[in-house]
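Visitor: Build me a model:
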Amino acid sequence: MSEGDIKRRLAHQETRAEFLSRIPKSPDLKRYLEIAKERANQANEMSSRNDGTISVGVVAEAIIAYMGDFHLGHPNVDHKRIEDEVNAVAGTKGAYVAMMGDMVDGVFFGGSAQGENTLNITEQHGLLKAIRKTLNGKVLFGVGGEHDQKWASKTGADPYANFSEETGAPAVRGIVEAEIKSGDDTWNVVAAHKMRGHSMYNKTHPDMRQSRFGIQGADIYVSAHTHQKGVAQEQIRDFGEESHEVTHISIGPYKSGDEYSQREGFPKQTTDEQGGVATKLTKRDGKKHVETDPDIVSAIKRWSAD
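Guide: Have a look, this model is predicted:
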């Protein structure tokens, strides 16, 4: 190497800096996995959600009202109906409620959805809290919908953060598998705000699809979300067994419509199309039977007088 080559090499040679202070090093694989496990355990410990499997005891001949899609805060909500149904459940021995999601309405940033609301987010959550406190001890479970669950992270306000403290019941994200012990019998209930599938010919299609291609063998399948109220019952027989009754329920909303439904061509919903569904866990001819009624208040009055 010539003298010129040496000078050029030295001129371009970089001198590494020597640090006296500590430079952090990345964890190795084992430590990364330990940290991930620790963080997962902490997240589960902080979560207000149940894993979805619930076992609860209620009185014999229990009445269970499935209520959801309140959309609190929207001007087209039937607030009187909500008040009457909540008071009917709260004031009746042996009556309970399952809360099926979309309890609040306006959780979006700006736009027409926010403009339609007559209560702000804080007021909507305050009203929902008052409803839950009124039903304390009467709630079997609560499931989240897209209005009160999907968008919660975007607003920073989770309507289910204090659900269990306010109701004494578990909150679930997704599908509930509830074992309800009533008297000497046990009813298995599969519930979710939204179940997969839809049909223009069958309002309970998502529930039926769940019973056939999802979680099979339950007595009751119930969902909300579609704003299409429907009830269907059928006899199902497993191979080599006697038939048993299966009840499919799709509850209605508590608002008659909004800008979205108008834009999409849905007609304004009548009173009978709105609201939840009441059920009574009883027996007929020695077999488990679920009585249903699309009017929760009248059903509770009639069944509690029996």
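Visitor: What's the first helix or strand after the lowest-mean-pLDDT helix or strand in the chain?
Guide: Each helix and strand of the chain was given a mean pLDDT (mean pLDDT, DSSP states H and E); the minimum falls on helix 111-115 at a mean of 55. Proceeding N to C from helix 111-115, the next assigned helix or strand is helix 121-134, under DSSP states H and E.
Visitor: Do me a favour and average the pLDDT over that next one.
Guide: Here helix 121-134 scores 90 as its mean pLDDT.
Visitor: ok, now stretch 157-172?
Guide: What stretch 157-172 shows for mean pLDDT is 87.
Visitor: Look at that stretch and report the distance between its end residues.
Guide: Distances were taken as CA to CA, to the nearest Å; on that basis the terminal residues of stretch 157-172 are 17 Å apart.
Visitor: before we move on, what about stretch 204-221?
Guide: Stretch 204-221 stretches 9 Å from its first residue to its last (CA to CA).
Visitor: Residues touching that stretch, excluding its own?
Guide: 175, 177, 187-192, 194-199, 202, 222-223, 226, 230-232, 236, 238, 244-250, 279, 288, 290 (CB atoms under 8 Å, 6 or more residues apart in numbering). The way it works is simple: take the backbone N, C-alpha and C, and place the C-beta from them, glycine included.
Visitor: secondary structure element for Ala43?
Guide: Ala43 is located in helix 29-46, with elements delineated by DSSP H and E.
Visitor: So what's the gap between that helix and the chain middle?
Guide: Distance of helix 29-46 from the chain centroid (CA atoms, centre = their mean, to the nearest Å) equals 27 Å.
Visitor: Check which helices and strands it sits against.
Guide: Packed against helix 29-46 by the contact rule (3 or more CB pairs under 8 Å, 6 or more residues apart in numbering; DSSP states H and E) you find no helix or strand.
Visitor: Buried among the contacts of stretch 204-221? Need that as a selection in ChimeraX.
Guide: To isolate the buried subset of those in ChimeraX, counting by 16 or more other CB atoms under 10 Å, use the following:
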select :175,177,187,189,190,191,192,194,195,197,202,222,223,226,230,231,232,246,247,248,249,250,279,290
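Visitor: Let's see which of the contacts of stretch 204-221 end up in strands.
Guide: Among the contacts of stretch 204-221, the members falling in strands are 177, 187-192, 222-223, 230-232, 236, 244-250, 279, 288, 290 (criterion: DSSP state E).
Visitor: still on that earlier bit, taking the mean pLDDT, what do you get for the helix holding Ala43?
Guide: Taken as a whole, helix 29-46 has a mean pLDDT of 89.
Visitor: so where's the stretch 1-150 of the chain uncertain?
Guide: Applying pLDDT under 70 to the predicted model, the residue ranges of the stretch 1-150 of the chain that meet it are 1, 6-17, 106-115.
Visitor: Try it again at 90.
Guide: 1-28, 42-52, 73-74, 104-125, 144-150 (pLDDT under 90).
Visitor: if we can go back for a sec, contacts for the helix holding Ala43?
Guide: Here helix 29-46 makes contact (CB under 8 Å, 6+ apart) with Pro27.
Visitor: and what of stretch 192-200?
Guide: With CB under 8 Å, 6+ apart as the contact definition, stretch 192-200 has outside contacts at 68, 100-102, 143-146, 149, 174-176, 205-207, 209-210, 214, 221, 223-226.
Visitor: now the end-to-end length of it.
Guide: For stretch 192-200, the first-to-last residue distance is 20 Å (CA to CA).
Visitor: Next up, the contacts around the residue nearest to Asp184 when sequence neighbours are not counted.
Guide: Excluding its sequence neighbours, the residue lying closest to Asp184 (CB to CB, 6 or more residues apart in numbering) is Ala60, at 7.5 Å. Ala60 is in contact with 182-184, counting by CB under 8 Å, 6+ apart.
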